[in-house]
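Enquirer: Quick one, fold the following:
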Amino acid sequence: MSGRILIVEDDTTFRGLLAAILEDAGHEVIQAVDGAAGLVKLQQESFDLVLSDLKMPKMGGLELFMASRNDPAAPPFVLITAFGTVEEAVSAIKDGVSDFLTKPLKDPATLRALVDRLLTENIRKRRLTALDEVEMVGLPPLDILFAGTAMDKVRWLVGEAAPTEATVLIGGESGTGKELLARYIHLVSPRKGGPFIAVNCAAIPENLLESELFGHERGAFTGASTTRQGKFELAAGGTILLDEIGEMVLPMQAKILRILQERSFQRVGGSRDIHANVRVLAATNRDLAQEIANGRFREDLFYRLNVFPVTLPSLCDRLDAIDDLANFFVRLHSRSMGKEISGIAISALRALHTYHWPGNIRELQNVLERAVILARGEIKRAELPELLQGENKKKLNESTTVSLGGIPPAESGMLKEAERQAIMMALQTTDGNRRLAADRLGISRRTLQYRLKEYGLADEEREE
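Expert: Residues are numbered from 1 along each chain as shown. This next block holds a predicted model:
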């Protein structure tokens with residue numbers, strides 16, 4: 001695990017030795033010749049760890065440590081001491097110093113092991129802080145997350161991108177599972193040991209978003225009584241998801257662009273550059289190309305975010321996954337409610353298959369949670385919202401409309417044939433016009449497309 005380390009040591013030879021060992025281990029090392037110079041560095045930049053000599057002119061290591069504690073995101077501190085002052089260094093641990101290192105150095109392995117341990121502990125600490133800040137939603141099994149043939153390409157793309165540091169832009173309609181996909185990318189990435197933080201850019205008021213993302217210094221604005229870390233600091237060593245980034249206003253987009261370009265930011269009211277050791281993922285349900293054309297989204301930010309685009313299909317394009325998703329949600333909610341639900345009746349499944357699902361998977365989950373509450377033993381069509389069951393019954397009684405939902409319950413094979421006949425009739429009466437046929441059937445065009453392929457009627461469709 002690599003980190004950004006500040007070495008504060010007035011002995012040039014020893015300072016150079018420590019720097020060489022740590023740089024060989026893959027760390028970024030910044031050097032300061034004494035405590036005063038070290039404090040300036042800490043005020044101007046961010047670090048993952050500080051190694052400081054205990055005895056130095058102008059300002060000693062313990063004084064430097066105490067001065068650094070004004071920052072709630074202050075890095076772990078290691079004091080370097082000669083054998084004669086070990087007791088003083090051990091005493092400093094009671095004040096919050098993480099550990100101490102004796103000089104001359106016994107061997108490079110001692111230094112490397114100490115640094116690796118403290119960097120790992122610091123990431124764990126940040127992850128626990130992040131857990132307090134956001135609600136962690138568990139991932140479903142992979143066969144549910146990627147259910148449906150339309151998700152095969154998504155799974156392959158994510159498998160290629162996840163192990164890298166590439167910025168991934170996740171597109172798709174609201175409710176398709178963009179945050180869950182982002183969490184999966186994090187969990188199979190090299191940053192999986194760090195925190196995952198999702199920020200809904202649409203849910204935070206515009207005047208608070210900057211402070212939420214970057215934090216603020218004490219006194220930065222009315223009510224800022226303490227210094228506060230932002231989400232980018234809390235996500236250090238891990239991943240941050242900027243959800244609904246298409247809702248972000250242009251001035252804030254410029255600040256996000258700076259982070260992606262320079263990998264640093266400043267707290268509100270601050271002047272110190274803080275290193276952004278974080279992988280950025282973004283998600284949106286908007287067409288960002290159209291937003292650019294309308295002057296609502298920065299083109300340069302789009303190209304920075306769109307390094308690796310992945311688009312999630314709507315639920316209407318995953319109808320072959322309905323049964324698996326529905327049964328998963330029924331098991332999930334029946335378990336959480338302590339109810340025994342044996343399954344879903346065929347008539348209820350048919351209603352799920354013929355509905356157009358504007359709210360996608362989120363809507364499906366809500367529908368089935370409600371059904372589990374009402375059901376006794378098995379979920380029947382009556383337990384589904386009227387939107388799914390009543391609308392289709394009404395259409396059955398309209399002579400000008402042929403409704404898939406109005407076909408009486410039957411055996412599976414008979415049901416499929418009845419649906420096939422209804423589709424053929426609708427296509428014939430509309431001269432093969434797919435849009436009009438879908439309207440007559442009371443279903444979405446996506447659902448009709450799926451049915452056309454399933455029943456081998458694709459040749460009978462006409463776009464307009």
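Enquirer: tell me the domain boundaries of the chain?
Expert: 4-123, 142-313, 316-460 (automatic domain parsing).
Enquirer: could you give the mean pLDDT of the last one?
Expert: Taken as a whole, domain 316-460 carries a mean pLDDT of 75.
Enquirer: and the domains of the chain as CSV, adding mean neighbour count?
Expert: Using the backbone N, CA and C atoms, a C-beta is placed for each residue, glycine as well. Output for the domains of the chain, formatted as CSV (neighbours: other C-beta atoms under 10 Å):
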stretch, mean neighbour count
domain 4-123, 18
domain 142-313, 18
domain 316-460, 17
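Enquirer: Who are the contact partners of Thr284?
Expert: 169-171, 244-246 (C-beta atoms under 8 Å, 6 or more residues apart in numbering).
Enquirer: what's the closest of those residues to Ala382?
Expert: Glu244 (36.1 Å; C-beta to C-beta).
Enquirer: what ranges do the helices span in the stretch 51-200 of the chain?
Expert: For the stretch 51-200 of the chain, applying DSSP state H, counting those that start in this stretch gives helices covering 61-68, 86-93, 108-133, 142-145, 152-161, 178-187.
Enquirer: okay, those helices in TSV with distance to Ala203 and mean pLDDT next?
Expert: Listed next are those as TSV, based on distance: least, C-beta to C-beta, whole Å; pLDDT from 0 to 100:
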stretch	distance to Ala203	mean pLDDT
helix 61-68	34	87
helix 86-93	42	68
helix 108-133	14	74
helix 142-145	24	87
helix 152-161	25	93
helix 178-187	12	93
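Enquirer: Export these to JSON lines and append columns for distance to His333.
Expert: What follows is these, written out as JSON lines (distance: least, C-beta to C-beta, whole Å):
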{"stretch": "helix 61-68", "distance to His333": "49"}
{"stretch": "helix 86-93", "distance to His333": "50"}
{"stretch": "helix 108-133", "distance to His333": "24"}
{"stretch": "helix 142-145", "distance to His333": "14"}
{"stretch": "helix 152-161", "distance to His333": "25"}
{"stretch": "helix 178-187", "distance to His333": "17"}
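Enquirer: among these, which is nearest Asn306?
Expert: helix 152-161 (12.4 Å).
Enquirer: Return the list of helices and strands in contact with the closest one.
Expert: If contacts are counted by 3 or more C-beta pairs under 8 Å, 6 or more residues apart in numbering; DSSP states H and E, helix 152-161 sits against helix 178-187, strand 308-311.
Enquirer: can you put these in a markdown table and add distance to Ser347?
Expert: Below are the helices and strands packed on helix 152-161 laid out as a markdown table (distance: least, C-beta to C-beta, whole Å):
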| stretch | distance to Ser347 |
| --- | --- |
| helix 178-187 | 30 |
| strand 308-311 | 33 |
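Enquirer: closest to Thr110 out of these?
Expert: Nearest of the helices and strands packed on helix 152-161 (C-beta to C-beta): helix 178-187, 32.8 Å.
Enquirer: tell me the angle that closest one makes with helix 152-161.
Expert: Angle, helix 178-187 to helix 152-161, by axes from the mean of the first three to the mean of the last three C-alpha atoms, to 10 degrees: 40 degrees.
Enquirer: what's in contact with helix 178-187?
Expert: Taking C-beta under 8 Å, 6+ apart as the rule, helix 178-187 contacts 137, 139-140, 145, 154, 158, 161-162, 168, 170-172, 192, 196, 198, 238-239, 241, 243, 279, 281, 283, 285, 310, 312.
Enquirer: Quickly find the element holding the spatially closest residue to Leu49 that is not a sequence neighbour.
Expert: Computed as C-beta to C-beta, 6 or more residues apart in numbering, the closest residue to Leu49 that is not its neighbour in sequence is Ile5, at 4.8 Å. Element membership for Ile5, per DSSP states H and E: strand 4-8.
Enquirer: Sheet-wise, list the partners of that strand with their directions.
Expert: strand 28-32 (parallel), strand 49-53 (parallel) (DSSP bridges).
Enquirer: Reformat these as JSON lines; add distance to Leu42 and mean pLDDT.
Expert: Converted to JSON lines, the strands paired with strand 4-8 look like this (distance: least, C-beta to C-beta, whole Å; pLDDT from 0 to 100):
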{"stretch": "strand 28-32", "distance to Leu42": "9", "mean pLDDT": "92"}
{"stretch": "strand 49-53", "distance to Leu42": "7", "mean pLDDT": "92"}
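Enquirer: just to revisit the earlier point, right, so of the helices of the stretch 51-200 of the chain, which gets closest to Ala345?
Expert: Per C-beta to C-beta, nearest to Ala345 of these: helix 142-145, 21.1 Å.
Enquirer: what's near enough to touch Ile123?
Expert: Counting by C-beta under 8 Å, 6+ apart, Ile123 has contacts 1, 193-195, 236-238.
Enquirer: For the residue nearest to Leu49, name its beta-bridge partners.
Expert: Under the criterion used (DSSP bridges), Ile5 bridges to Val29, Leu49.
Enquirer: looking at it, it is touching Gly26, isn't it?
Expert: No. Counting by C-beta atoms under 8 Å, Ile5 stays clear of Gly26, with 10.9 Å between them.
Enquirer: still on that earlier bit, export the contacts of Thr284 to CSV and tack on distance to Val115 and pLDDT?
Expert: Below are those laid out as CSV (distance: C-beta to C-beta, whole Å; pLDDT from 0 to 100):
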residue, distance to Val115, pLDDT
Leu169, 35, 97
Ile170, 35, 97
Gly171, 40, 96
Glu244, 38, 95
Ile245, 35, 96
Gly246, 41, 94
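Enquirer: thinking again about what came up before, chain center to the helix or strand following the strand holding Ile5, what's the gap?
Expert: Going down the chain from strand 4-8, the next helix or strand is helix 12-24, by DSSP H and E. Its chain's C-alpha centre lies 38 Å from the corresponding centre of helix 12-24 when counted by C-alpha atoms, centre = their mean, to the nearest Å.
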